[in-house]
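**Student:** Let's see this in three dimensions:
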Amino acid sequence: MSVAPQAAPGRSHAPEIIVAAGCLIALITFGPRASAGLFQIPMTVQFGWGRDTFGLALAIQNLLWGLGAPFAGAIADRFGIVKVFCVGALLYGAGLVVMAYATTPLQLQLGAGVLIGFGLSACSFNLVLAAFGKLLPESWRPMAFGAGTAAGSFGQFLYPPIGNILIEQIGWNQALVVFALTLLPILPISIFLSTRRLGGTVQASAANLPNQSIAQALAEAFKHKSYVFLVLGFFTCGFQLAFITVHMPAYLKDMGLPAWVGGWTLAVIGLANAVGSLSSGWLSTRMPKRHLLAWIYLGRSVAIAAFILLPASPVTSICFGIVIGLFWLSTVPPTSSLVMLMFGTKYMAMLYGFAFFSHQVGGFLGVWLGGILYEASGSYIIVWWLSVALGIASALINLPIVEKPVGRPLAQPA
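**Tutor:** So this is what the prediction gives:
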């Protein structure tokens, strides 16, 4: 049993334009989210909240981002991606504004948690990568996945230092409003990721699956052991990244370091991640993707263990940012490539969305446990070591993945 070759995608714009537009959207959407940790100390000090209160709001954001991703992907698969991007950007911007004027934990959870979480699910890099999978020729896809992820990383490099400056100059409230305004360009840019309707539905190609329903696609995916292993391994990625993004500035502050160290640590993570993501996209075409994922997760564990065992200083923090940045989102190109390899492009957005949901469940627990355990023990050390253990577990769970398309009957010619 084998899968029929995929047809050329029905795109409306040149591949270069599609990649450029997708990279811009990834950059814009990832920046404010990556800067969230900068607002923890100002908000908790002003309102007298514990870090568990701030952590819960960001944990909700991660969970709803992941929960909304499969549904946003299914809607984009069925009706096209532009409207999904526009609604997501508006929800994201509204969430930042609500967060800016929040004075109670419930308002913070509504803005930073619910609105931003669902907004991200409909306009962030997970949908950008799905659009690349549908619109680009097969030879473009691995490097485009790396480029889209790297662009998000550059947003993480760009926004935190700007956020630090804005917080100092105009206050944290207005800094969030400025971040909200930067999301508006997504509305016109998303037009370049529009798809042509083929046979009544938006799809790149699925010649061997002319009548497969969403329910059948999901059943096929979750009965496939390699997909399940991939989804479980992606949990760790979210746990580690969300914990570091939200709690790193506060952790370094606790270590007696100035605020700029936290901002620049997040920034260099983003810059190094651009290199790591592009390299991961390139390596995805030249070595087994399961081996690449195993090395990435193992490398993260080694980097985190070294960081928490060494004395905290600006030098060790920036060096850790560079090293962990090389592994930061480098899991995304091989993960998305494996989803597309196994199941094709027809339900790419939805199936990658379920993998991403696992990622965001990990993110929820990483952020939430960080706040809870800090308030209980006065330290982040338990969560740091849990991150190390999960990295080793994910390195092992990716090794049995079988890198080939799921077996299906060939489509019969009309």
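**Student:** Show me what counts as buried in the helix or strand harbouring Gln216.
**Tutor:** Following DSSP states H and E, the helix or strand that holds Gln216 is helix 214-222. Going by neighbour count (16 or more other CB atoms under 10 Å), the buried part of helix 214-222 is 217-218, 220-221. (C-beta placed from N, C-alpha, C; glycine too.)
**Student:** Tell me the first helix or strand C-terminal of it.
**Tutor:** Using DSSP H and E, the next helix or strand after helix 214-222 towards the C-terminus is helix 225-254.
**Student:** quick one, helices of the stretch 101-250 of the chain?
**Tutor:** Shown for the stretch 101-250 of the chain, the helices assigned by DSSP state H, counting those that start in this stretch span residues 105-108, 116-123, 125-135, 141-170, 172-181, 186-189, 214-222, 225-254.
**Student:** what bits of the stretch 151-300 of the chain have low per-residue confidence?
**Tutor:** For the stretch 151-300 of the chain, the stretches with pLDDT under 70 are 195-211.
**Student:** at 80 what do you get?
**Tutor:** Applying pLDDT under 80 to the stretch 151-300 of the chain flags the ranges 152-153, 156-157, 194-214, 259, 263, 270.
**Student:** burial of Thr285, as a residue count?
**Tutor:** Neighbours of Thr285 under the rule other CB atoms under 10 Å: 15.
**Student:** same question, His359
**Tutor:** For His359, the count of nearby residues is 27 (other CB under 10 Å).
**Student:** Mind telling me what element it is part of?
**Tutor:** Counting by DSSP H and E, the element that carries His359 is helix 348-377.
**Student:** Let's have the helices of the stretch 101-250 of the chain in CSV, adding distance to Tyr347.
**Tutor:** What follows is these, written out as CSV (distance: least, CB to CB, whole Å):
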stretch, distance to Tyr347
helix 105-108, 35
helix 116-123, 16
helix 125-135, 10
helix 141-170, 16
helix 172-181, 32
helix 186-189, 24
helix 214-222, 4
helix 225-254, 12
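**Student:** Ok, which of those helices comes nearest Gly22?
**Tutor:** Between Gly22 and the helices of the stretch 101-250 of the chain, the shortest gap by CB to CB is with helix 125-135, which sits at 4.3 Å.
**Student:** CA atoms only for that closest one - export them in PDB, please.
**Tutor:** Coordinates of each C-alpha in helix 125-135 appear next as PDB, following Å, rounded to 0.1, in the frame of the first residue of the first chain:
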ATOM      1  CA  PHE A 125       3.400  30.500  13.100                       C
ATOM      2  CA  ASN A 126       1.500  27.200  13.400                       C
ATOM      3  CA  LEU A 127      -0.900  28.400  10.700                       C
ATOM      4  CA  VAL A 128       1.900  30.000   8.700                       C
ATOM      5  CA  LEU A 129       3.700  26.700   8.500                       C
ATOM      6  CA  ALA A 130       0.400  25.000   7.400                       C
ATOM      7  CA  ALA A 131       0.000  27.600   4.700                       C
ATOM      8  CA  PHE A 132       3.600  26.900   3.500                       C
ATOM      9  CA  GLY A 133       2.800  23.200   3.400                       C
ATOM     10  CA  LYS A 134      -0.200  23.800   1.200                       C
ATOM     11  CA  LEU A 135       1.000  26.600  -1.100                       C
END
